[in-house]
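Student: My questions are about this predicted structure, shown below with the sequence.
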Amino acid sequence: MNRVALRSVIGGLRSGGGWNRYISTAAVARNVETAEFLKPQNDGVLGAFQWRRMMSTGSVSAQTSEEKDQKESGAKKVDDSMVVSNYWGITTPKITREDGTEWPWNCFRPWESYQADTSIDLSKHHVPKTFQDKIAFRTVKFLRVLSDLYFKERHGCHAMMLETIAAVPGMVGGMVLHLRSLRKFEHSGGWIKALLEEAENERMHLMTVVELVKPVWHERLLVLAAQGVFFNAFFVLYLLSPKVAHRVTGYLEEEAVTSYTEYLKAIENGKIENVPAPAIAIDYWRLPKDSTLHDVITVIRADEAHHRDVNHFASDIQFQGKELREAPAPIGYH
């Protein structure tokens with residue numbers, strides 16, 4: 001049948017006929033055989049995908065052949081619009097908790113969870129000494145005034161906005177150091193990983209806060225605008241002066257500690273209900289099952305204090321005329 005269709009197409013082309021006139025006939029003639037023909041050459045699944053692209057509309061027999069190929073090759077149909085294939089050998093391992101229950105989170109794994117060190121000194125403050133320090137400090141204070149005017153007593157929304165901004169510096173710093181390492185063929189001293197860990201930790205703060213606060217449309221719009229402006233501004237700043245960029249981040253984290261302290265006071269005073277902790281927070285910080293919002297904000301505040309120390313430390317290194325790679329990075333120091 002394949003030879004007959006091929007001869008028909010070649011004959012039509014020789015006689016001056018159009019390709020489109022014969023290709024549909026050839027494809028229909030091969031609808032069943034093509035699925036079988038593609039299976040041994042492409043391990044079944046790839047053939048099914050190619051056949052689907054060739055025939056947007058096919059006969060019932062062709063569809064039945066595709067389903068047969070999928071069953072034989074191990075492809076799994078999730079819904080009417082998506083087919084998950086094991087052609088590449090990619091599988092998601094099933095992970096369970098210590099009690100045997102299934103691990104529900106794909107955004108992080110059990111070995112990425114940890115217990116926050118809440119004994120950290122929250123009162124630390126880097127006193128601005130140089131002109132650059134003063135510029136960084138006053139810039140952050142100005143941003144703090146703007147956020148306070150907008151959010152006022154809405155601590156949950158304030159925390160949401162704070163985390164969308166706080167997750168940017170670590171990603172920018174890690175990205176720039178990564179490219180520099182590739183460009184100069186040098187190690188980073190672990191700072192790439194440390195800064196990306198910081199960015200991921202801040203993102204998990206946001207994922208937790210979003211479980212508690214449902215932002216409205218104008219707050220989402222503000223997040224888009226603020227992140228777009230801040231990312232580009234911080235990226236340029238990091239290229240021009242990494243030591244100032246880290247100092248700005250350090251002061252941002254100081255303000256984050258202050259904001260979360262006010263959040264905790266509002267919970268303790270009864271202004272905000274001390275609701276049960278979200279499940280994602282319990283697993284991420286290894287909190288007790290009966291933890292509350294107060295416990296969650298406490299561990300988030302501790303994380304922010306650690307980020308404060310890391311970024312002021314990074315800035316101090318560079319203010320001494322050294323490069324970050326000359327001082328080992330505090331990897332795993334949330």
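Tutor: Looks like it came in fine.
Student: which residues of the stretch 151-300 of the chain fall in helices?
Tutor: Taking DSSP state H, counting those that start in this stretch to define them, one finds helices in the stretch 151-300 of the chain at 155-184, 191-212, 217-240, 242-268, 279-284, 293-319.
Student: just so I know, which of the ones you listed lies nearest R97?
Tutor: Closest approach to R97 among the helices of the stretch 151-300 of the chain is made by helix 279-284 (8.0 Å; CB to CB). In this view, the C-beta of every residue, glycine as well, is placed from N, C-alpha and C.
Student: Run through the neighbouring helices and strands of the closest one.
Tutor: helix 191-212 (3 or more CB pairs under 8 Å, 6 or more residues apart in numbering; DSSP states H and E).
Student: picking that back up, in TSV: the helices of the stretch 151-300 of the chain, plus mean pLDDT.
Tutor: TSV is the format used below for the helices of the stretch 151-300 of the chain (pLDDT from 0 to 100):
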stretch	mean pLDDT
helix 155-184	93
helix 191-212	94
helix 217-240	91
helix 242-268	96
helix 279-284	95
helix 293-319	96
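Student: what's the spacing between R138 and W217?
Tutor: 32 Å (CB to CB, to the nearest Å).
Student: circling back: please identify which of the helices of the stretch 151-300 of the chain is closest to D121.
Tutor: Using CB to CB, the nearest of the helices of the stretch 151-300 of the chain to D121 is helix 293-319, at 7.4 Å.
Student: sorry, back to before: same drill for R138 and W217, tell me which one is more crowded.
Tutor: Higher neighbour count among R138 and W217: R138, with 12 against 7, using other CB atoms under 10 Å.
Student: what about that one, distance to D295?
Tutor: From R138 to D295 the distance is 34 Å (CB to CB).
Student: hang on, I282 packs against T292?
Tutor: No - with contact defined as CB atoms under 8 Å, I282 and T292 do not form a contacting pair (10.4 Å).
Student: shared neighbours, the two?
Tutor: When contacts are counted by CB atoms under 8 Å, 6 or more residues apart in numbering, I282 and T292 have no shared neighbour.
Student: Could you dump the helices of the stretch 151-300 of the chain into a markdown table and include distance to K94?
Tutor: Converted to a markdown table, the helices of the stretch 151-300 of the chain look like this (distance: least, CB to CB, whole Å):
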| stretch | distance to K94 |
| --- | --- |
| helix 155-184 | 29 |
| helix 191-212 | 22 |
| helix 217-240 | 34 |
| helix 242-268 | 36 |
| helix 279-284 | 16 |
| helix 293-319 | 28 |
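Student: circling back to that earlier point, out of I282 and T292, name the residue with the larger neighbour count.
Tutor: Per other CB under 10 Å, whichever of I282 and T292 has more neighbours is I282, with 19 against 16.
Student: who are the neighbours in contact with the more buried one?
Tutor: I282 neighbours (CB under 8 Å, 6+ apart): 288-289, 291.
Student: Just among those residues, which is most surrounded?
Tutor: Ranking those using other CB under 10 Å puts S291 first, with 18 neighbours.
Student: ok, it to W103 distance?
Tutor: Counting by CB to CB, the gap from S291 to W103 is 18 Å.
Student: Let me know the closest of the contacts of I282 to R154.
Tutor: Using CB to CB, those come closest to R154 at S291, 22.9 Å.
Student: mind listing what the closest one touches?
Tutor: So S291 contacts 276-277, 281-282 (CB under 8 Å, 6+ apart).
Student: between these, which is nearest M207?
Tutor: Once CB to CB is applied, the member of the contacts of S291 that ends up nearest M207 is A281, at 8.9 Å.
Student: Tell me the spacing between that closest one and R109.
Tutor: In terms of CB to CB, A281 sits 16 Å off from R109.
Student: Between the two, which has more neighbouring residues?
Tutor: Between A281 and R109, A281 has the larger neighbour count (other CB under 10 Å), namely 24 against 11.
Student: That one touches V296, doesn't it?
Tutor: Yes - if you go by CB under 8 Å, A281 and V296 touch, sitting 4.7 Å apart.
Student: what do the two both touch?
Tutor: Common neighbours of A281 and V296 (CB under 8 Å, 6+ apart) are 208, 287.
Student: export the contacts of S291 to CSV and tack on distance to Q318?
Tutor: Listed next are these as CSV, based on distance: CB to CB, whole Å:
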residue, distance to Q318
P276, 43
A277, 38
A281, 34
I282, 38
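Student: in the stretch 51-200 of the chain, which spans are strands?
Tutor: Secondary structure of the stretch 51-200 of the chain by DSSP state E, counting those that start in this stretch: the strands cover 76-79, 82-84.
Student: Out of the ones you listed, which gets the lowest mean score?
Tutor: Here the lowest mean pLDDT among these goes to strand 76-79, at a mean of 50.
Student: so where's the stretch 1-150 of the chain uncertain?
Tutor: 1-86 (pLDDT under 70).
Student: switch to 50 and redo it
Tutor: Across the stretch 1-150 of the chain, residues meeting the criterion (pLDDT under 50) sit at 1, 17-64, 70, 73, 75, 77-78.
Student: how many other residues sit next to A199?
Tutor: 20.
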